[in-house]
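# Below: sequence and its predicted model.
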Amino acid sequence: MDYYSKQISRLIQELGALPGIGAKTAQRLAFHILNMPAEQVQALSAAMVEAKQNVRYCKECYTLTDEELCPICKDHHRNHKMIMVVEGTRDLAAYEKTGKYEGVYHVLHGAIAPMLGIGPNDIKLKELMQRLAKDVDEVIIATNSSLEGETTAMYISKLIKPTGIKVTRIASGVPVGGDLEYIDEVTLLRALEGRTEL
Ligand code: ZN
């Protein structure tokens with residue numbers, strides 16, 4: 001890319017390092033940005049920098065948020081005695097899109113994957129168990145139906161069983177290995193409604 005000046009090449013390089021952005025797209029985006037009004041470029045870079053600086057884990061459910069408590073945990077109209085356990089913040093977003101779930105969440109930030117060296121201590125499992133010391137009626141395990149998701153579900157249910165809290169697993173209408181965020185809302189709702197006790 002010698003035919004571009006240093007700063008243009010740098011912009012293309014940075015954009016190209018993002019997932020799903022190939023060399024061509026990186027160039028297209030770079031020239032798009034160079035053609036944008038200065039204020040818009042400023043707003044874009046400020047959004048990235050500020051989000052990176054301020055986004056952290058919700059101290060209750062561990063989803064990503066820019067406040068101490070996320071909007072869901074803050075909401076008194078939600079059922080705080082029903083906790084849905086998901087692998088990532090994007091899974092939470094998928095269930096929120098259905099608009100039908102009234103409980104709260106717990107975000108694990110991963111799944112147990114022994115082959116990859118990811119054990120129970122590498123995800124937010126301890127934090128889940130701490131939450132269960134409070135008054136909880138049901139834990140819905142909504143990890144993916146991949147091998148890792150199922151392993152995690154079994155592990156969690158064994159951990160919770162002795163506490164006497166009801167543990168359920170979403171129905172397996174969710175395609176095997178399918179990430180929750182790519183599944184349509186109707187399928188998600190069916191999976192939720194068809195959940196079974198473990
Ligand atoms: Zn929260």
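Right, received. Where do you want to start?

# Could you use CA atoms for every contact and neighbour count after this?
OK.

# what does the protein put close to the ion?
For the chain, the residues in contact with the ion (Cα under 5 Å from the ion) are 58, 61, 70, 73.

# Including secondary structure, distance to V136 and neighbour count, could these go into a markdown table?
Output for the residues of the chain next to the ion, formatted as a markdown table (DSSP: H, G, I helix; E, B strand; the rest coil; distance: Cα to Cα, whole Å; neighbours: other Cα atoms under 10 Å):
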| residue | secondary structure | distance to V136 | neighbour count |
| --- | --- | --- | --- |
| C58 | coil | 19 | 20 |
| C61 | coil | 14 | 23 |
| C70 | coil | 19 | 19 |
| C73 | helix | 14 | 20 |
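
# mind putting those in CSV, pLDDT included?
Shown next, in CSV, are those (pLDDT from 0 to 100):
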residue, pLDDT
C58, 96
C61, 97
C70, 96
C73, 96
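
# got the CA coordinates for the worst-scoring helix or strand of the chain on mean pLDDT in CSV?
Using mean pLDDT, DSSP states H and E, helix 185-193 stands out as the lowest-scoring helix or strand of the chain, at a mean of 82. The C-alpha trace of helix 185-193 is given here as CSV (Å, rounded to 0.1, in the frame of the first residue of the first chain):
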residue,chain,number,x,y,z
GLU,A,185,-37.5,-14.5,18.2
VAL,A,186,-40.3,-17.0,17.7
THR,A,187,-37.8,-19.9,18.1
LEU,A,188,-36.3,-18.3,21.2
LEU,A,189,-39.7,-17.8,22.8
ARG,A,190,-40.6,-21.4,22.1
ALA,A,191,-37.4,-22.6,23.6
LEU,A,192,-38.1,-20.5,26.7
GLU,A,193,-41.7,-21.6,27.1
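
# Secondary structure class of S172, three-state.
Secondary structure assignment for S172 (DSSP: H, G, I helix; E, B strand; the rest coil): coil.

# circling back: what is the nearest of the residues of the chain next to the ion to E150?
Nearest to E150 out of the residues of the chain next to the ion is C61 (Cα to Cα; 20.8 Å).

# ok, the closest residue to that closest one other than its chain neighbours - contacts?
Nearest residue to C61 in three dimensions, chain neighbours excluded: H106, at 4.5 Å (Cα to Cα, 6 or more residues apart in numbering). Taking Cα atoms under 8 Å, 6 or more residues apart in numbering, we find H106 in contact with 60-63, 83-86, 128.
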